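Participant: Using only what follows, build the 3D model:
(chains A and B, ligands or ions: 2)
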Amino acid sequence: MVTQVLSLTRSGLADFVLQRVTAVILAAYTFCVLGFFLIVPVTYVALTEYFWSAPMQIFSTLTAFSIIAHAWIGMWTIGTDYLRAAHVGGLADTLRFAYQMICLLILFVYIVWSMRLIWQF
Amino acid sequence: MQVSVYRYNPDIDEVPVMRDMQVELPAGKDLMVLDVLELLKTQDPTISYRRSCREGVCGSDGINMNGKNGLACFTTVSQVVKRNKLILRPLPGLPVIRDLVVDMTQFYQQYEKIQPYLINNDPPPAQERLQSQQDREQLDGLYECILCACCSTACPSFWWNPDKFIGPAGLLQAYRFLADTRDTATVERLANLDDPFSVFRCRGIMNCVAVCPKGLNPTRAIGKIRSMLVQQGT
Ligand code: SF4
Ligand code: SF4
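Facilitator: Ligands and ions are numbered 1, 2, ... in the order given. Okay, here's the model as predicted:
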């Protein structure tokens, strides 16, 4: 049976608001990155000065966590819409759980990897 | 005209089939689809469908006509027929009991969940609870729903989670009571809708608006519920 155990906040409203707030953060970050590549000639020095400046480090970290929240709310919703017994048969619960674990694993790799890049550890 | 009808009798048939039949339409008249069904029934009395008032009030003859949900009594043949062929199927997504008759249990269970009655524990006045004209106007476009299920069975989110997503019909009624100034259970009603499925599975696809035979707009009502939730939650 489809349940809401793994929903990010277990509140439809909180998920809804969070998904919209994170979307705005992602859009703003896209502008900052695109703007940089369009305006500044790309060199190693320019790149590191820009992305390893304290404000950008904070912004990048915020964006990385926003991706995780945004993606998880979306992927969880897709899984609970389509991976159901009515569509994929009796193994639906197992399949959905496996799908959710794979999504979580990928998101976990994303966050660790991006933290390494942003904070250089 | 050729009519293709979904036939299924679970006692006899293993799988449903589409069966083709011919009907003679009277010249110069645009019949309602329900009239065509009645003509078919004179040829084959075993064809099953629900009907009652035949004037779009009872909401019992909701079916799928050439791919679009609607009331058979309310829809002319010329509105739906394509290439001189009329295709009749039961409302999608609900279990079929027989032919065009579907099991509406899930639909009514969702309706029941939203507590479709006035909640007010103040002692009732001698005659009735009065409303100003402006307050009463808030219910226009909501109270007219006849629960025909055309909208909910056209909604993909309701197909995917019919046990958890209230669906457009139920949510329109949920908002009907949220908008009623005589109802005092607004906070409780909103709290019951705050899970990830009941309201928030609506994806704004607006199939519900496209099919409602009464011209109602469940998507707008759902939007209003959402903003009430946001206002209450922030
Ligand atoms: S909102 Fe319209 S389509 Fe939906 S049940 Fe009510 S009358 Fe039928
Ligand atoms: S607007 Fe919402 S309720 Fe209406 S059909 Fe679309 S998803 Fe369903």
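
Participant: does residue B:67 really touch residue B:88, like I thought?
Facilitator: No: with contact defined as C-beta atoms under 8 Å, residue B:67 does not reach residue B:88; the gap is 10.6 Å. Glycine gets a C-beta too; all of them are placed from N, C-alpha and C.

Participant: Between the two, which has more neighbouring residues?
Facilitator: Comparing residue B:67 with residue B:88 by other C-beta atoms under 10 Å in any protein chain shown, the one with more neighbours is residue B:88, at 25 against 10.

Participant: Okay, and the beta partners of the more buried one?
Facilitator: Beta-bridge pairing for residue B:88 (DSSP bridges): residue B:5, residue B:65.

Participant: for it, what are its contacts?
Facilitator: B:3-6, B:33, B:37, B:63-65, B:100 (C-beta atoms under 8 Å, 6 or more residues apart in numbering or on different chains).

Participant: residues near residue B:94, how many?
Facilitator: Using other C-beta under 10 Å, residue B:94 has 20 neighbouring residues.

Participant: ok, and the closest non-adjacent residue to it?
Facilitator: Nearest residue to residue B:94, sequence neighbours excluded (C-beta to C-beta, 6 or more residues apart in numbering or on different chains): residue B:102, at 4.0 Å.

Participant: for residue B:200, same thing?
Facilitator: residue A:12 (3.5 Å).

Participant: Confidence-wise, which helix or strand of chain A is lowest on average?
Facilitator: helix A:85-88 (a mean of 81; mean pLDDT, DSSP states H and E).

Participant: Pull the residues that contact that helix.
Facilitator: A:82, A:92-93, A:95, B:160.

Participant: Are any of those buried, and if so which?
Facilitator: Among those, those classed as buried by 16 or more other C-beta atoms under 10 Å in any protein chain shown are A:92, A:95, B:160.

Participant: Identify each buried residue in stretch B:18-33, please.
Facilitator: Residues of stretch B:18-33 classed as buried: B:21, B:23, B:31-33 (neighbour count, 16+ other C-beta under 10 Å).

Participant: Could you work out the end-to-end span of it for me?
Facilitator: Its start and end residues considered, stretch B:18-33 measures 17 Å (C-alpha to C-alpha, to the nearest Å).

Participant: quick one: average pLDDT of that stretch?
Facilitator: Stretch B:18-33 shows a mean pLDDT of 94.

Participant: Leaving out sequence neighbours, find the closest residue to residue B:182.
Facilitator: Nearest residue to residue B:182, sequence neighbours excluded (C-beta to C-beta, 6+ apart): residue B:129, at 4.7 Å.

Participant: What is the neighbour count of that neighbour?
Facilitator: 13.

Participant: Residue B:11 too?
Facilitator: 5.

Participant: Helices of chain A, residue ranges please.
Facilitator: According to DSSP state H, chain A carries its helices in the segments A:12-39, A:44-51, A:54-82, A:85-88, A:92-119.

Participant: Deepest-packed of these, please.
Facilitator: Highest mean neighbour count of the helices of chain A: helix A:54-82, a mean of 17 (counted as mean count of other C-beta atoms under 10 Å in any protein chain shown).

Participant: For chain B, tell me whether that one is touching it.
Facilitator: Yes: judged by C-beta under 8 Å from any C-beta of the partner chain, helix A:54-82 comes into contact with chain B through A:77, A:80-82.

Participant: helices and strands around that helix, which ones?
Facilitator: Judged by 3 or more C-beta pairs under 8 Å, 6 or more residues apart in numbering or on different chains; DSSP states H and E, helix A:54-82 is in contact with helix A:12-39, helix A:44-51, helix A:92-119, helix B:156-160.

Participant: now it and helix A:12-39, what's the angle there?
Facilitator: 130 degrees (axes from the mean of the first three to the mean of the last three C-alpha atoms, to 10 degrees).

Participant: wait, which of the helices of chain A is closest to residue B:124?
Facilitator: In this view, the helices of chain A are compared for proximity to residue B:124 by C-beta to C-beta, and helix A:12-39 is the closest at 33.3 Å.

Participant: Check which residues of stretch B:95-114 are buried.
Facilitator: Under the neighbour-count criterion of 16+ other C-beta under 10 Å, stretch B:95-114 has B:96-102, B:104, B:106-107, B:110-111, B:114 buried.

Participant: now the end-to-end length of that stretch.
Facilitator: End-to-end distance for stretch B:95-114: 22 Å, by C-alpha to C-alpha.

Participant: Would that stretch count as contacting ligand 1?
Facilitator: No: for stretch B:95-114, no contact with ligand 1 is found by C-beta under 6 Å from any ligand atom; the gap never falls below 8.5 Å.

Participant: now that stretch, how far from the chain's geometric center?
Facilitator: 10 Å (C-alpha atoms, centre = their mean, to the nearest Å).

Participant: between the buried ones among the contacts of helix A:85-88, which is closest to ligand 2?
Facilitator: Ligand 2 has its nearest neighbour among the buried ones among the contacts of helix A:85-88 in residue B:160, at 9.9 Å by C-beta to the nearest ligand atom.

Participant: Could you check how far residue A:62 is from residue A:28?
Facilitator: Counting by C-beta to C-beta, to the nearest Å, the gap from residue A:62 to residue A:28 is 10 Å.
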